[in-house]
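Visitor: Have a look at this prediction, sequence included:
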Amino acid sequence: MDAVSEQRLLDPDSLGDHVDRLYRAAWALCGSREDAEDLVQETYAKVLSKPRFLRNDDDLGYLLRVLRNTFYSSHRSAQRRPQTAVMPEDYEPMDTRSGTRPDEAFEAREVFDVIASLAPDFRDALVAVDVAGLSYREAAKLLGAKEATITSRLFRARGQVAAGMDRGRSGVLEEKG
Amino acid sequence: MGDRDIHPADEAQAERGLALVQAAVAQTRAPLALRERLEADRERSRPARRRWALGGSLVGAIGALALALVVATGGGTAAPSVAEAAVFAKLAPTVSAPAVDPTHPGLLKRSVGGVTYPSWQDQFPWKASGARMDKVGGRSAVTVFYDNPAGDRIGYTIVDGKALGEPSGRTLDQGAEHYVVLRRGDRTIVTWRRGGHTCILSGPAKVPADRLLALASWSGTGVA
């Protein structure tokens, strides 16, 4: 009975509850707010394209799985496409409706930049646990790794974020080798 | 990675990294423009979703079968069961915990249908740690999570609307309150009615049923 009752239809009306967490996770994966918005929208579009039945997964874990898969597939596609021009480094569009102070937004942007520059294994563990709020067990399931591995990656990822904030992005990139 | 392998400097650096990430997370919310785009997409997808509900696709048919099985086994969206509503306590919080009501320290500033969630932290080692909002059978269900220092987490769910059917299980009457204790998988569940609504306290099996009953029946705030 439990196995049947735990299979449930994902309620599209509840998706809005997770948008903040998914947006943060997307930003930490992409390193760009604009790309993060597109990634979240693409993720929701995929989820809404047909009914989704979840067994054991909670909504957030499932959405994060779709988001991560979408990120990696988009990333691979983007690598095959010609690169488009990027905004200058000092271009900083303000979302006047976000309610975040500019200095806070700047620091958050730096942190997300550093996270996005981490090696994928470290970045994914940190995004799953510290950014999206999954438990170690949920993160291990999402990433197909043991909990001990998640713990180890998380520890190193956190250290690299601190180092990256101290030394700038190039410092983090050096540690990836 | 054993503790003895961790250099104190590395540990301090990791803690600092965690604090930086937590600060960035705390100050970052999805832009309103994105929310509006998502809402527009959701509205556009409604007609298609209605078609699935009628069984217009294979997946829809499988879903209908699954739902029929749920109904046949005591669940169903029309009349949700306590077991279905108790599932939310196993999921992760999606929002921060409600604050303690400063004028009534035994209560949190969150209620459903006039039933207010308790703040046990002055009496028991359980502190509100988060919350989530869900729907079951078209009804709102709000779950507040409480953590203890051992890292255990329990969820207190109140389902809005008419009380759900009483499940079978061990019963206990205490004063005017009637409690039912049941096990579902690795969870212990205590359910009772308050203010005409169903309240559900669900915790991992390692949290004894008596502990959940003590929390459920606590009325230190004067709440019946």
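Guide: Perfect, I can see it now.
Visitor: What segments of chain B are strands?
Guide: With DSSP state E, the ranges of strands along chain B come out as B:107-112, B:115-118, B:127-136, B:139-147, B:153-159, B:170-174, B:177-184, B:187-194, B:197-204.
Visitor: taking those together, which one is wrapped up most tightly?
Guide: Greatest average neighbour count among these goes to strand B:153-159 (a mean of 25), per mean count of other CB atoms under 10 Å in any protein chain shown. Placement of C-beta: from N, CA and C, glycine included.
Visitor: Now that strand - C-alpha only, PDB.
Guide: Extracted in PDB, the C-alpha atoms of strand B:153-159 (Å, rounded to 0.1, in the frame of the first residue of the first chain):
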ATOM      1  CA  ARG B 153      13.100  15.900  12.200                       C
ATOM      2  CA  ILE B 154       9.400  15.600  12.700                       C
ATOM      3  CA  GLY B 155       6.600  17.300  10.700                       C
ATOM      4  CA  TYR B 156       3.400  18.700  12.000                       C
ATOM      5  CA  THR B 157       0.800  18.900   9.200                       C
ATOM      6  CA  ILE B 158      -2.600  20.500   9.400                       C
ATOM      7  CA  VAL B 159      -5.000  19.800   6.600                       C
END
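Visitor: Report all helices and strands that it contacts.
Guide: helix B:82-86, strand B:115-118, strand B:139-147, strand B:197-204 (3 or more CB pairs under 8 Å, 6 or more residues apart in numbering or on different chains; DSSP states H and E).
Visitor: Run through the strands of chain A in chain order.
Guide: For chain A, applying DSSP E gives strands covering A:7-9, A:53-55.
Visitor: Any idea which of those has the lowest pLDDT on average?
Guide: Lowest mean pLDDT of the strands of chain A: strand A:7-9, a mean of 70.
Visitor: Would you mind naming the residues that bridge with the closest residue to B:Ile158 other than its chain neighbours?
Guide: Once flanking residues are discounted, B:Ile158 sits nearest to B:Val112: 4.0 Å by CB to CB, 6 or more residues apart in numbering or on different chains. B:Val112 forms beta bridges with B:Val115, as assigned by DSSP bridges.
Visitor: Kindly reformat the helices and strands packed on strand B:153-159 as a markdown table containing mean pLDDT.
Guide: Listed next are the helices and strands packed on strand B:153-159 as a markdown table, based on pLDDT from 0 to 100:
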| stretch | mean pLDDT |
| --- | --- |
| helix B:82-86 | 89 |
| strand B:115-118 | 90 |
| strand B:139-147 | 92 |
| strand B:197-204 | 94 |
